[in-house]
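Novice: model this:
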Amino acid sequence: MEVSVDNTDASGLAGVERRRRRRAFHLLLASGSIMASLGVGWCVFFAWRGAWPVALVELALALLGVAVIAMARLRRARAASWVAFVGVTALLCFFSAFLDVPTAAIPRTSHVFLLVLALCAHHVFRAEKAWLRYGAVVLLLVLFAAFAAAPAAVPDRFAIGDEVRRVGIWVNLATVVLSFLVVMRLAESDIAGHRALHALRDALAHRRFELLYQPQVDAGGRIVGAEALLRWRDARRGVIHPDDFMQTAEETGFILPLGQWVLQAACRQLRAWQAEPALRHLRLSVNISALQLRQPDFVQQVGDALARAEVDPRQLTLELTESVLVDDMGDAVGKMRALHATGVRLSLDDFGTGYSSLSYLRELPFAEMKIDRAFTREVLRDGSAATITRNLLRLGRDLGVDVIAEGIEDAGQFALLREQGCGLFQGYLFGRPMDAQAFRRSVEQVP
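Specialist: Prediction:
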């Protein structure tokens with residue numbers, strides 16, 4: 001039997017993860033593009049004026065922007081964020097100390113960007129350790145105070161002249177104001193996120209989350225498992241699907257206690273099913289998020305949940321999407337092999353939609369893969385989709401991996417995929433998500 005933290009379309013966590021990565025990717029691309037554009041523009045301006053030292057600093061800013069763009073395209077979001085942060089801080093300090101030298105006529109203004117950078121650091125690095133996150137903010141504030149308190153001085157021959165700095169004051173201050181407005185908008189989003197987080201914590205504390213179960217069947221139509229779908233029952237809003245709260249859970253880190261609750265609830269349900277002859281053969285699968293997998297004690301968490309429920313690890317399946325694995329492949333491989341050694345089954349969800357599924361299947365101990373509904377939905381109308389499903393099924397057989405087709409909604413899809421050799425199916429054709437009692441009745445009714 002299979003359990004995942006998901007919506008009725010089995011795409012909640014996967015969709016959230018894709019949206020989060022897409023947003024981070026676009027933010028990094030935008031930041032890198034701005035840095036590159038500003039750097040090139042000012043580099044040309046100062047080179048035209050013959051201020052080559054300043055032009056070189058601006059060129060460094062442009063190259064830094066290009067590096068951030070390149071790292072973002074290589075899916076190294078965390079590294080790109082730190083490169084941008086450290087690089088911009090170093091350039092601002094150098095610019096404020098040696099090029100934007102305050103005089104009796106014109107004050108220094110470049111250091112004001114350190115305030116904006118401090119606010120950005122507090123927002124961007126909220127997933128880092130507290131000492132690192134707040135340490136970066138404090139460092140930037142100290143640097144700002146040091147430059148703000150510096151007295152007027154006689155600029156050397158490499159410093160920017162007052163005639164340019166007189167205009168630069170207004171450009172810098174206007175940019176800072178606009179930056180503050182953007183950061184304030186982010187802060188408003190954070191406040192809304194904190195409110196949502198409080199509601200999620202309250203829901204978990206008062207047992208308002210529940211798991212529903214959607215049947216999975218074999219080629220003969222017999223129920224061999226189920227996917228459990230997370231729901232939040234709110235007294236005022238009714239049933240809330242993961243699409244409406246999972247992104248907040250991911251961004252605030254609440255996915256960790258919520259995911260642990262799902263894992264423990266799944267194991268308890270497994271234990272209950274083992275007490276009934278009609279259900280004891282079923283397997284159970286839990287969808288795992290990237291944050292969960294990155295936890296150092298994740299393998300121990302799974303083992304503890306299984307031990308407390310006193311269930312066989314071979315009856316638990318952990319579902320992972322490709323997006324969960326790309327952050328730290330080495331760490332993921334080690335944990336997945338450790339889980340496989342205990343008997344826990346591993347499933348690759350949404351197979352065929354990523355760019356490196358074959359490498360994952362080759363390197364990781366997957367026991368199952370799920371054909372994404374994007375292919376099964378069109379299998380009757382699109383010859384290409386039918387060819388893809390046929391090849392995926394053949395690949396699964398060659399690798400010795402179970403293949404399950406999800407999103408089956410009519411008998412024609414079921415018949416064609418069964419004809420192609422698929423042995424496991426899931427979709428509305430066999431049943432919608434239901435509570436544990438209704439699921440038990442549906443198992444008992446199937447001959």
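Novice: in the stretch 201-350 of the chain, which spans are strands?
Specialist: 209-218, 223-234, 238-240, 284-287, 316-320, 345-351 (DSSP state E, counting those that start in this stretch).
Novice: now the angle from the fifth one to strand 223-234?
Specialist: Our comparison of strand 316-320 with strand 223-234, counting by axes from the mean of the first three to the mean of the last three CA atoms, to 10 degrees, yields an angle of 70 degrees.
Novice: for strand 316-320, output the C-alpha coordinates as PDB.
Specialist: Provided in PDB are the C-alpha atoms of strand 316-320 (Å, rounded to 0.1, in the frame of the first residue of the first chain):
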ATOM      1  CA  LEU A 316       6.800   0.700   3.600                       C
ATOM      2  CA  THR A 317       7.700   2.500   0.300                       C
ATOM      3  CA  LEU A 318       9.300   5.900   0.200                       C
ATOM      4  CA  GLU A 319       8.400   8.000  -2.900                       C
ATOM      5  CA  LEU A 320      10.900  10.600  -4.200                       C
END
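Novice: need the strands of the stretch 201-350 of the chain in a markdown table (columns: mean pLDDT, distance to Leu115 and mean neighbour count).
Specialist: C-beta here means a position set from N, CA and C on the backbone, and glycine is covered the same way. As requested, the strands of the stretch 201-350 of the chain are arranged in a markdown table below (pLDDT from 0 to 100; distance: least, CB to CB, whole Å; neighbours: other CB atoms under 10 Å):
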| stretch | mean pLDDT | distance to Leu115 | mean neighbour count |
| --- | --- | --- | --- |
| strand 209-218 | 91 | 41 | 22 |
| strand 223-234 | 88 | 39 | 23 |
| strand 238-240 | 84 | 39 | 12 |
| strand 284-287 | 86 | 41 | 27 |
| strand 316-320 | 90 | 41 | 26 |
| strand 345-351 | 84 | 43 | 24 |
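Novice: dump those strands into a markdown table; add distance to Phe95 as well.
Specialist: What follows is the strands of the stretch 201-350 of the chain, written out as a markdown table (distance: least, CB to CB, whole Å):
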| stretch | distance to Phe95 |
| --- | --- |
| strand 209-218 | 51 |
| strand 223-234 | 49 |
| strand 238-240 | 49 |
| strand 284-287 | 48 |
| strand 316-320 | 45 |
| strand 345-351 | 46 |
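Novice: among these, which is nearest Trp131?
Specialist: strand 316-320 (30.4 Å; CB to CB).
Novice: run a quick neighbour tally on the nearest residue to Gly343 once chain neighbours are set aside.
Specialist: Nearest residue to Gly343 in three dimensions, chain neighbours excluded: Pro313, at 3.7 Å (CB to CB, 6 or more residues apart in numbering). By other CB atoms under 10 Å, 17 other residues sit near Pro313.
Novice: so what's Phe180 closest to, chain neighbours aside?
Specialist: That would be Val116: by CB to CB, 6+ apart, it lies 6.5 Å from Phe180.
Novice: please identify the buried residues of the helix or strand hosting that neighbour?
Specialist: Taking DSSP states H and E as the definition, one finds Val116 inside helix 113-124. Using 16 or more other CB atoms under 10 Å as the test for burial, helix 113-124 gives Phe113, Leu114, Leu115, Val116, Leu117, Ala118, Leu119, Cys120, Ala121, His122, Val124.
Novice: list the helices and strands it packs on?
Specialist: With contacts taken as 3 or more CB pairs under 8 Å, 6 or more residues apart in numbering; DSSP states H and E, helix 113-124 sits against helix 77-94, helix 130-149, helix 162-205.
Novice: output it as CSV, restricted to C-alpha atoms.
Specialist: Extracted as CSV, the C-alpha positions of helix 113-124 are listed here (Å, rounded to 0.1, in the frame of the first residue of the first chain):
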residue,chain,number,x,y,z
PHE,A,113,23.5,49.4,-0.2
LEU,A,114,24.9,47.4,2.7
LEU,A,115,21.6,48.0,4.5
VAL,A,116,19.7,46.6,1.6
LEU,A,117,22.0,43.7,1.4
ALA,A,118,21.6,43.0,5.2
LEU,A,119,17.8,42.8,4.7
CYS,A,120,18.2,40.6,1.7
ALA,A,121,20.6,38.3,3.6
HIS,A,122,18.0,37.9,6.4
HIS,A,123,15.4,36.9,3.8
VAL,A,124,17.5,34.8,1.4
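Novice: relative to the whole chain's centre, how far out is it?
Specialist: Counting by CA atoms, centre = their mean, to the nearest Å, helix 113-124 is centred 22 Å from the centre of its parent chain.
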